[in-house]
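K.L.:
Fold the following and give me the result.
(chains A, B, C and D)
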Number of protein chains: 2
Amino acid sequence: MHELTDRDKSILNAIIREYVETGEPVGSRIISRKYLYTLSPATIRNVMADLEEMGLLYQPHVSAGRIPTPEGFRCYLNGIMEVRSLPRVEKTMITRQITRGSGDIRDTLRRASVVLSQISQNASIIILPRIDTFFFKRVDFVRLDENRIMVILVSRAGMVYNHIVQGEDITQHKLDRYANYLNEAYKDLTIHEMRDSLMREMSSEKASFDTLVGQALDLGITALKAVEETQDIVIQGKETVFNKPDLADLDRLRDIVNAFEDKGRIVRILNRVLEVPGVSVLLGEEMEHIGMDNFSMVASGYSRRNIPVGSLGVIGPMRMDYSRVIPLVGYMARILSELLEDM
Amino acid sequence: MHELTDRDKSILNAIIREYVETGEPVGSRIISRKYLYTLSPATIRNVMADLEEMGLLYQPHVSAGRIPTPEGFRCYLNGIMEVRSLPRVEKTMITRQITRGSGDIRDTLRRASVVLSQISQNASIIILPRIDTFFFKRVDFVRLDENRIMVILVSRAGMVYNHIVQGEDITQHKLDRYANYLNEAYKDLTIHEMRDSLMREMSSEKASFDTLVGQALDLGITALKAVEETQDIVIQGKETVFNKPDLADLDRLRDIVNAFEDKGRIVRILNRVLEVPGVSVLLGEEMEHIGMDNFSMVASGYSRRNIPVGSLGVIGPMRMDYSRVIPLVGYMARILSELLEDM
DNA sequence: GTTAGCAGACAAGGCAGTTGAGTGCTAAGG
DNA sequence: CCTTAGCACTCAACTGCCTTGTCTGCTAAC
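P.N.:
Prediction:
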């Protein structure tokens, strides 16, 4: 397979731009008239035939125009597309929405998700940081009844996690002392570090399980184990996607609705993005996996102190205006990372 | 308009049962053959014409069978339908699922919702009790930074509510003392009562705003105000509805998807059910309100110690098997009420 | 009051013809 | 050698027409 010539590229570019706008198969004439009037339709047809052979375009049927394949989009993304910078209006819109409100981090991220969806006109997804990536602020144990203890964990950023532990009966007074001990002893660690530290100390302290410290450690470990499994996710603006003309087919609409319901899959795919620096675009097979053929996702991890803690993305039909959405997602990831920096 | 004769009723009954089963307009012949073979189709046609005149049936077009109108269903529900009792299997299924798990009430209600949806083969909705209907167990104040204090409220049943309050800088030590005071002073009240009590005491204590008690009261009131606005809702099994053949029309499917997204409306309509004793069935205009024409909702409030605290329901196409779903919803409401009794 | 029979309505499905958009190929022109 | 005009061909989508099957309303007879 040859490299693409400049002319090939400009034609592919035009086709994709037209397709993104209309959603219809695009023919040679329109390209000639609307984009590249120095070239005749016939010439463009020849190039199109080449591009099709390379697998970048396809025809839904022989007498129709061409539609870019996932490979076509991929190729467009890798070099042809020119990324616009994010308009000032949108930047201010983002910062305003994010800095509003009470400072509850779940709330902030929910608002971020709303903005992301509004600007991109697609659905947006944010995976919240797992609480164990945050700094430990405080733990509380509350005795609910003879065999249930509630553990409440607060991070410095104001994220709360609570969990009920089944166990033996311990008086509230003792529980308070355990909590006090942990609160003093594990200041300024992340919750993850705290857990490691607890484990270490536990094994060295093993003999003295009956001491206050030993029991506090035990309860702390039980509580933190449960933390690891929870993963919170926010999806906003599904309806913008459902209402797009792309889903004019009943079964496809059903598929997409169902795919959104099954959050686990989306989380899994977003988690893979976490480690990749910068903005990733997932399309083609990667999306078919989760039952969303012809859809794509623009996603990025965000981090605190350069450690990735969560990810966010925009999901919509493959014909998305990537030149707008990519910088949007990138900017949002940066802003959130900055926001988390000092938490 | 006359009363319905027994024969009218049995014909309406047959039409509704047939329609619930097939979803298609039902003609006179089928009724004659399958349900009431002592009557000829012609006779049934005559009765059907009468029922149509009364507004209980309608024809989608002149040469089609009849479909029950919302009024037809209403009429069926008020006297014709015979409510079956809930099969033993389903009862045990419900209790097993509900008594499983950690005892976290949110979790329990989520599982209840899943069961409700599975058995009814429709979407289910549960509005969680507002936390202020629960018994106060404990409050905690955590100083996050100079101007943010986190309030954590725990109910005796193990429901947690947290909220960030913006305010002046108070040391953690003082906050602990405030919390201790409140925890001691307001034992064994519901959170709602606690709030009233705080207010009363506040106005009598007005002068001494600088005292520990005064400040504790102030913080408590601020925190409890925010509680009032939150309303938690769980929806499960939307996909069972989306996949029903009733939604063979693209626009209708879109409408329903959108209606589910807009939870506020559903909450509002469910809240109206709260005060009504027993199981209510909403159909017709009440559902059109929330963009769900041709759908209906079987709902019931549930209570603790005879005070209604939340509601639950099943949403699906109007052609629902009410004789199964109504006892199901009723049973579930009773079980949840019992469960809450001792919390 | 009930029923048989008949005419009329109409959605749904199959079929043929038309239209229009778009292609591939070929041969001529720069 | 690249580009382009022209032409034949393909095919989806639309249209109108016809047939079929179902169901009704009406009327006259039982």
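K.L.:
pLDDT score assigned to A:Leu217?
P.N.:
You'll see A:Leu217 listed with a pLDDT of 83.
K.L.:
Kindly report the residues of the stretch 51-200 of chain A close to DNA strand D.
P.N.:
The stretch 51-200 of chain A has residues A:61-64 near DNA strand D, with proximity defined as Cβ under 7 Å from any atom of the strand. In this view, the C-beta of every residue, glycine as well, is placed from N, C-alpha and C.
K.L.:
Please flag which of those sit within strands.
P.N.:
In strands, judged by DSSP state E, none of those are found.
K.L.:
want to try TSV for those, with neighbour count and pLDDT as columns?
P.N.:
Conversion of those to TSV gives the following (neighbours: other Cβ atoms under 10 Å in any protein chain shown; pLDDT from 0 to 100):
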residue	neighbour count	pLDDT
A:His61	6	90
A:Val62	5	88
A:Ser63	7	88
A:Ala64	13	90
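K.L.:
And those, which is closest to DNA strand C?
P.N.:
When these are compared for distance to DNA strand C (Cβ to the nearest atom of the strand), A:Ser63 wins out at 3.8 Å.
K.L.:
ok, A:Arg148 - how many residues close by?
P.N.:
As a burial measure, A:Arg148 scores 17 neighbours (other Cβ atoms under 10 Å in any protein chain shown).
K.L.:
Dump the residues of the stretch 51-200 of chain A next to DNA strand D into TSV; add distance to DNA strand C as well.
P.N.:
Formatted as TSV, the entries for these read as follows, by distance: Cβ to the nearest atom of the strand, whole Å:
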residue	distance to DNA strand C
A:His61	10
A:Val62	7
A:Ser63	4
A:Ala64	6
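K.L.:
Grab the two from the residues you listed that are most spread out in space.
P.N.:
Spatial extent of these (Cβ to Cβ) is set by the pair A:Val62 and A:Ala64 at 7.3 Å.
K.L.:
and for the worst-scoring helix or strand of chain A on mean pLDDT, what are the contacting residues?
P.N.:
Averaged element by element with mean pLDDT, DSSP states H and E, chain A has its least confident helix or strand at helix A:212-227 (a mean of 80). Counting by Cβ atoms under 8 Å, 6 or more residues apart in numbering or on different chains, helix A:212-227 makes contact with A:130-132, A:139, A:141, A:149, A:151, A:153, A:161, A:163, A:165, A:167, A:170, A:174-175, A:177-179, A:181-182, A:191, A:194-195, A:198-199, A:201-202, A:205, A:208-209, all of which sit outside it.
K.L.:
Against which helices or strands is the longest helix belonging to chain A packed?
P.N.:
As far as residue count goes, and with DSSP state H defining each element, the longest helix of chain A is helix A:322-341. In this structure, helix A:322-341 packs against helix A:88-99, helix A:105-120, strand A:279-283, strand A:295-304, strand A:307-317, with contacts taken as 3 or more Cβ pairs under 8 Å, 6 or more residues apart in numbering or on different chains; DSSP states H and E.
K.L.:
What residues of that helix count as buried?
P.N.:
For helix A:322-341, burial by neighbour count (16 or more other Cβ atoms under 10 Å in any protein chain shown) applies to A:322, A:324-333, A:335-337, A:339-340.
K.L.:
Between those, which sits nearest DNA strand D?
P.N.:
A:Tyr322 (26.5 Å).
K.L.:
Of the helices and strands packed on helix A:322-341, which stretch is the most buried?
P.N.:
strand A:295-304 (a mean of 25; mean count of other Cβ atoms under 10 Å in any protein chain shown).
K.L.:
Next, the angle from it to helix A:322-341.
P.N.:
On the basis of axes from the mean of the first three to the mean of the last three Cα atoms, to 10 degrees, strand A:295-304 is oriented at 30 degrees to helix A:322-341.
K.L.:
Adjacent strands (with direction) for strand A:295-304?
P.N.:
Take DSSP bridges as the rule and strand A:295-304 pairs in its sheet with strand A:279-283 (antiparallel), strand A:307-317 (antiparallel).
K.L.:
closest one to B:Cys75 among these?
P.N.:
The stretch from these with the least distance to B:Cys75 (Cβ to Cβ) is strand A:307-317; that distance is 45.8 Å.
K.L.:
Let me know the average pLDDT across the closest one.
P.N.:
Averaging pLDDT along strand A:307-317 gives 94.
K.L.:
what does stretch A:271-289 give?
P.N.:
Per-residue pLDDT values across stretch A:271-289 average out to 92.
K.L.:
which stretches of the stretch 1-150 of chain A have low pLDDT?
P.N.:
Using pLDDT under 70 as the threshold, the predicted model of the stretch 1-150 of chain A has low-confidence ranges A:1-2.
K.L.:
hang on, the earlier thing: show the average pLDDT along the longest helix of chain A.
P.N.:
pLDDT averaged over helix A:322-341 equals 95, rounded to a whole number.
K.L.:
Now do that helix against helix A:105-120, angle only.
P.N.:
Between the axes of helix A:322-341 and helix A:105-120, defined by the same axes, to 10 degrees, the angle is 160 degrees.
K.L.:
Run the angle between helix A:322-341 and helix A:88-99 for me.
P.N.:
Computed by the same axes, to 10 degrees, the angle separating helix A:322-341 from helix A:88-99 equals 30 degrees.
K.L.:
A:Pro70: neighbour count?
P.N.:
In terms of burial, A:Pro70 registers 20 neighbours under the definition other Cβ under 10 Å.
K.L.:
make that A:Gly167, sorry
P.N.:
Counted by other Cβ under 10 Å, the residues lying close to A:Gly167 total 13.
K.L.:
C-alpha coordinates for the least confident helix or strand of chain A, PDB please?
P.N.:
Coordinates of each C-alpha in helix A:212-227 appear next as PDB, following Å, rounded to 0.1, in the frame of the first residue of the first chain:
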ATOM      1  CA  LEU A 212      -6.500  -1.200  71.100                       C
ATOM      2  CA  VAL A 213      -4.100  -0.700  68.200                       C
ATOM      3  CA  GLY A 214      -4.400  -4.200  67.000                       C
ATOM      4  CA  GLN A 215      -8.200  -4.000  66.900                       C
ATOM      5  CA  ALA A 216      -8.200  -0.600  65.300                       C
ATOM      6  CA  LEU A 217      -5.900  -1.900  62.600                       C
ATOM      7  CA  ASP A 218      -8.100  -4.900  62.000                       C
ATOM      8  CA  LEU A 219     -11.200  -2.800  61.600                       C
ATOM      9  CA  GLY A 220      -9.400  -0.400  59.400                       C
ATOM     10  CA  ILE A 221      -8.200  -3.100  57.000                       C
ATOM     11  CA  THR A 222     -11.600  -4.700  56.700                       C
ATOM     12  CA  ALA A 223     -13.100  -1.300  55.800                       C
ATOM     13  CA  LEU A 224     -10.400  -0.400  53.300                       C
ATOM     14  CA  LYS A 225     -10.800  -3.700  51.500                       C
ATOM     15  CA  ALA A 226     -14.300  -2.900  50.500                       C
ATOM     16  CA  VAL A 227     -13.200   0.500  49.200                       C
END
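K.L.:
Would you indicate which residues of the following helix or strand past it are buried?
P.N.:
Counting by DSSP states H and E, the next helix or strand C-terminal to helix A:212-227 is strand A:233-236. Judged by neighbour count (16+ other Cβ under 10 Å), strand A:233-236 contains these buried residues: A:233-234, A:236.
K.L.:
you'd agree A:Met48 is up against A:Arg29?
P.N.:
No. In this structure, A:Met48 sits apart from A:Arg29 without contact. The criterion is Cβ atoms under 8 Å, and the distance is 11.4 Å.
K.L.:
Between these two, point out the one with more neighbours.
P.N.:
Of the pair A:Met48 and A:Arg29, A:Met48 is the one with more neighbours under other Cβ under 10 Å, namely 24 against 14.
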